[in-house]
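*Asks:* turn this into a model:
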Amino acid sequence: MSSVMPQPDTAPILACTVSRDVQNFDLLIEDMEHALGEAWGDLGFAEALAFFNQPEAEAMEFVALALDDADEDNLVLMGEIITQAKARDIQVILIAEDVTPAALHQLLRRGADEFVPYPLPEGELQQAIDRLRAAEQPQPAAPEPAVQLKSGTNKQGAVLVSHGIAGGTGSTTLAVNLAWELALLNPSETPNVCLLDLDLQFGSASTYLDLPRREAVFEMLSDTESMDDDSFGQSLLTFEDKLQVLTAPADMIPLDLITPEDIGRVVDMARAHFDYVVIDMPSTLVQWTETILTSSHIYFTTLELDMRSAQNTVRFKRALQSEELPVDKLRYVLNRAPKFTDLGGKARVKRLAESLDIAIEVQLPDGGKPITQGADHGLPLATSAAKNPLRREIAKLAASIHELSEDQAKAA
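*Replies:* Sure thing, here's the model as predicted:
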């Protein structure tokens, strides 16, 4: 590792790690040496701000800002480091270990270019550096690809909804991976699954699949009366040539900006062109929740084995019943369910269901850190953790839905 201040007749410093103590990130040291040899240095948080004002900083390509849970009290300082680096055209790779999603979101919003979890996956730092360097190269402008939808199609696809009864109960994980597993069931066919992220303010389906958020989404939602096959197709993005995705808008918008009629038109359009329409809902109830519930075939409600989920389930059921809405469509999904050998946990699940007067029909195991890591890398579980127990259960759920759909089609 080179010192930050280069000596005469030596190669300039191209990058620096910025951390409280770089020795806490030994794998980062190894990867920096492998990628840059001696052309990198190390700085503390306060030292970085001073170094950016020195002439030697002009040759810098990027900084690797490394932090862990002990650094979350210094988010303001680290945000300023990102801001100052970007002001000098120095790119920022965020290296984080055991940091809360809220902290990551705050730093990414300040302008960090890349995020890599720690411990570093094999070759991931080099790939991030390669992406940064490629982004610096001038690229010819290319129009955003539009999904071509056949006019006059009317498939009347099945609507599958995922609604978290509380934050962090796995609603988006279920929606994204259920949609992907359904898409994988027909590898020889054209994409027949559409994922709609209707969590218009905090929807993260785009993050889970590494897709950009596009202005076309808001434009389409703002004028659904004029929406046709072309404008709807323009708002969709394709993931791996198998799944069509309507991401949440690029900017946060009020949930009541979209009317029930708007949502009804979007769902009807999606149903006309796809066999399966998977919808990720906001956890809050909105004026168009009734529209989604009424049009859905299965309304998955995710909860956990805790008091907040129990209380919210009671309130959720009471709210729907007071409006005489079809609560029979609700299918309760227990996230982070106890293992098969955990008899005490199984008994708690039974008591929870009995006390709430519900049937918990799907139990999803705790997949551990690979779930978060896969989402951070923008990969579905079938790609990032194919043998993970959570992935296997979601795959089984998708297969049972597909089998039921085929049986109903044959009966019709």
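*Asks:* any low-confidence regions in this structure?
*Replies:* 1-11, 137-148, 150-153, 187-191, 409, 411-412 (pLDDT under 70).
*Asks:* all strands of it, in order?
*Replies:* 15-18, 40-43, 62-68, 91-97, 114-117, 158-164, 193-197, 237-239, 243-246, 276-280, 298-303, 330-337, 360-365 (DSSP state E).
*Asks:* which strands border the fifth one, and is each parallel or antiparallel?
*Replies:* Strand 114-117 has the following strand partners under DSSP bridges: strand 91-97 (parallel).
*Asks:* ok, residues contacting the strand it pairs with?
*Replies:* By C-beta atoms under 8 Å, 6 or more residues apart in numbering, the residues outside strand 91-97 that reach it are 25, 28, 61-69, 81-82, 85-86, 103-104, 107-108, 111-120, 125, 128-129, 132. C-beta here means a position set from N, CA and C on the backbone, and glycine is covered the same way.
*Asks:* before we move on, back to that, could you dump the strands of the chain into TSV and include distance to Asn186?
*Replies:* Formatted as TSV, those follow (distance: least, C-beta to C-beta, whole Å):
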stretch	distance to Asn186
strand 15-18	45
strand 40-43	48
strand 62-68	42
strand 91-97	37
strand 114-117	33
strand 158-164	14
strand 193-197	9
strand 237-239	15
strand 243-246	11
strand 276-280	10
strand 298-303	19
strand 330-337	23
strand 360-365	22
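*Asks:* go ahead and build a ChimeraX selection from the buried members of the contacts of strand 91-97.
*Replies:* Provided next is the ChimeraX selection string for whichever of the contacts of strand 91-97 are buried by 16 or more other C-beta atoms under 10 Å:
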select :25,28,61,62,63,64,65,66,67,68,81,82,85,103,104,107,108,112,113,114,115,116,117,118,120,125,128,129,132
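*Asks:* residues near the closest residue to Val362 other than its chain neighbours, how many?
*Replies:* The shortest distance from Val362 to any non-neighbouring residue, by C-beta to C-beta, 6 or more residues apart in numbering, is to Val333 (4.3 Å). By other C-beta atoms under 10 Å, 27 other residues sit near Val333.
*Asks:* test my guess that Val333 contacts Tyr299.
*Replies:* No - if you go by C-beta atoms under 8 Å, Val333 and Tyr299 don't touch, sitting 10.4 Å apart.
*Asks:* my guess is Tyr395 meets Ala382, correct?
*Replies:* You called it Tyr, but residue 395 is Ala. Yes - using C-beta under 8 Å, Ala395 is in contact with Ala382, at 7.3 Å.
*Asks:* without its sequence neighbours, what residue ends up closest to Leu49?
*Replies:* Here the residue nearest Leu49, using C-beta to C-beta, 6+ apart, is Gln84, at 5.9 Å.
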